[in-house]
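A.B. asks: Sequence and predicted structure, then a few things I'm wondering about:
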Amino acid sequence: MAQNRFCDGVKRRDFLKVGVLGGLGLSLADFLQRAQAGEAQQAKAKSAIYIRLGGGPTHLDTFDMKPDAPSEYRGNLKPIATNMPGMQICEQLPLLAQCADKFTILRGVSHTLAAHELGTSYMITGNRPIPSLAFPGFGAVVSKELPAAADMPPFIAVPDTPQTGGYLGLQYGPFATNARPKLGQPYQVRGIALNNNLTAARALRREKLLDRVDRAFQGFEQKIDVLNGLDQFSQQAYDMISSKTARNAFDMSQENPETVKRFGDGELGQSCLLACRLVEAGTRFVTITTGGWDMHQGIFDRLSKNLPGLDQGLSALLTTLSERGLLDTTSIIVTGEFGRTPKINKNGGRDHWPRAMFVLLAGGGMKTGQVIGASDAKGEGPSGEAITPDDVAASLYHSLGIDYHKEYHTDTGRPVMIVRNGNIIPGLFG
């Protein structure tokens, strides 16, 4: 089809699109701005996996190394080449280096909240925290906008998460497994394993009894958000007890032994395998929390223990999702709450540093095999315009086809946009 351009550079085909979109309230300027950022493309993702590296992983010793900086900044680890020209990452991430074509590194991501709780809240909601309002986590918004099948909870946390339903309510909160899968051990999840001789028939009888109790209090619970949330959770738990789909998804023994081996024997790797099985079964949002990244002392010894597990688990997740045809339909985000101080402290560690950090993104129709953004020569702050947590959130939602400008209303009627500030990251989409 001919792509004639008008004098302002707009293709005729795109001009016709603008005419249609104008009827939907989009101006030409709006369309051009969004098209330039890739927003005019149709979203591909149907689900998402969020891997939270709790404590604040160091950027300088992982995905934003500074080999030319002074020794008190660059540390002991060396960068290695990846399978993408010009992209280097830490030498202790060799498996990820060989599948760098499957992810994008965001560097120079920056904010100003150096406390764990505040930084975490910002990164898991895309909204800078304020005292007067509890913002919903990514999983809550995704489960509201993209409901899952009736026999799979839309939002699952392995084993738990600081993400909540926020002002959306408890019914959009996570189903926490309260346990991490371990290699070679039966995985028991609250509401899944039929322990203590609890058969499906007995579970059904209990459900009928609870239903009679619920009807007795029906007039009260409809007006109480907490009870509504608990009722939603109870229903999910029962659905999972009685659902073959959910029980099979959690039954790690059904996985191909060679695939299990690929993920390694660490809990993070096995959690990544579980996340893969859950999105394959229809869960919309899975979050994995792994701690131990708050390294104020002895950072290089601790990294030698943490990085191999991250390397194996994440590389296996990307590879397995790709082999199963799920990577394009699954958005992946890996990050912590902030970075760490560029200068190594007297205890051989690095302290909290929100001015520069990394985020890894993959899947969901995002362009991969690239680095977007940069930090300065010592990793102290962004080089050029910063990428904000708000921008990361806007981009994640866009990959899932969720309008991050959409307004919700709190229980007091207050209108709140899903992401109050932030834009789609240029270059992340086609």
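C.D. replies: Now that the structure is in, tell me what you want to look at.

A.B. asks: hang on, residue 166 packs against residue 130?
C.D. replies: No - between residue 166 and residue 130 there is no contact under Cβ atoms under 8 Å: 11.7 Å. Glycine gets a C-beta too; all of them are placed from N, C-alpha and C.

A.B. asks: Stretch 134-149: end-to-end distance?
C.D. replies: One end of stretch 134-149 sits 27 Å from the other (Cα to Cα, to the nearest Å).

A.B. asks: buried ones in it?
C.D. replies: 134-146, 148 (16 or more other Cβ atoms under 10 Å).

A.B. asks: just to revisit the earlier point, tell me which of residue 166 and residue 130 has more neighbours.
C.D. replies: Between residue 166 and residue 130, residue 166 has the larger neighbour count (other Cβ atoms under 10 Å), namely 22 against 10.

A.B. asks: Is the residue nearest the centre of the chain bridged to anything, and to what?
C.D. replies: What sits nearest the mean C-alpha location of the chain, by Cα atoms, centre = their mean, is residue 50, with 2.3 Å. Going by DSSP bridges, residue 50 is paired in beta bridges with residue 287, residue 333.

A.B. asks: Might you report the residue contacts of it?
C.D. replies: 124, 138-139, 285-288, 332-333 (Cβ atoms under 8 Å, 6 or more residues apart in numbering).

A.B. asks: so where's the protein uncertain?
C.D. replies: 1-43, 190-242 (pLDDT under 70).

A.B. asks: where along it do the helices fall?
C.D. replies: 12-22, 28-36, 71-74, 94-97, 116-125, 138-145, 200-216, 218-221, 225-242, 244-250, 257-263, 267-281, 299-323, 389-399 (DSSP state H).

A.B. asks: Name the residues of the fifth one that are buried.
C.D. replies: For helix 116-125, burial by neighbour count (16+ other Cβ under 10 Å) applies to 116, 118-125.

A.B. asks: Export those to a markdown table and append columns for distance to residue 403.
C.D. replies: As requested, the buried residues of helix 116-125 are exported to a markdown table (distance: Cβ to Cβ, whole Å):
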| residue | distance to residue 403 |
| --- | --- |
| 116 | 31 |
| 118 | 27 |
| 119 | 26 |
| 120 | 25 |
| 121 | 22 |
| 122 | 21 |
| 123 | 21 |
| 124 | 20 |
| 125 | 16 |
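
A.B. asks: So which of those is the closest to residue 339?
C.D. replies: Checking the buried residues of helix 116-125 against residue 339 by Cβ to Cβ gives residue 119 as the nearest, at 9.9 Å.

A.B. asks: Give the closest residue to that closest one in space, chain neighbours not counted.
C.D. replies: Closest residue to residue 119 apart from its sequence neighbours, by Cβ to Cβ, 6 or more residues apart in numbering: residue 337 at 3.4 Å.

A.B. asks: same thing with residue 415?
C.D. replies: Nearest one to residue 415, counting by Cβ to Cβ, 6+ apart, is residue 407 at 4.7 Å.

A.B. asks: which ones are touching that neighbour?
C.D. replies: 415-418.

A.B. asks: Extract the C-alpha set from stretch 402-420 and format it as CSV.
C.D. replies: Coordinates of the C-alpha atoms in stretch 402-420 are reproduced here as CSV (Å, rounded to 0.1, in the frame of the first residue of the first chain):
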residue,chain,number,x,y,z
ILE,A,402,-4.1,-1.1,29.6
ASP,A,403,-4.7,2.6,29.2
TYR,A,404,-2.5,4.0,32.0
HIS,A,405,-4.4,7.3,31.7
LYS,A,406,-7.6,5.7,32.7
GLU,A,407,-9.3,7.1,35.8
TYR,A,408,-10.5,5.0,38.7
HIS,A,409,-12.5,6.3,41.7
THR,A,410,-11.8,5.8,45.3
ASP,A,411,-14.5,4.8,47.7
THR,A,412,-15.0,8.6,48.4
GLY,A,413,-15.5,9.3,44.7
ARG,A,414,-12.0,10.8,44.2
PRO,A,415,-10.8,10.3,40.6
VAL,A,416,-7.3,8.9,40.3
MET,A,417,-5.5,8.0,37.1
ILE,A,418,-3.8,4.6,37.0
VAL,A,419,-0.5,6.3,36.5
ARG,A,420,-0.6,10.0,37.5
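
A.B. asks: which parts of that stretch are buried?
C.D. replies: Those would be 402, 404, 416, 418-420, for stretch 402-420 by 16+ other Cβ under 10 Å.
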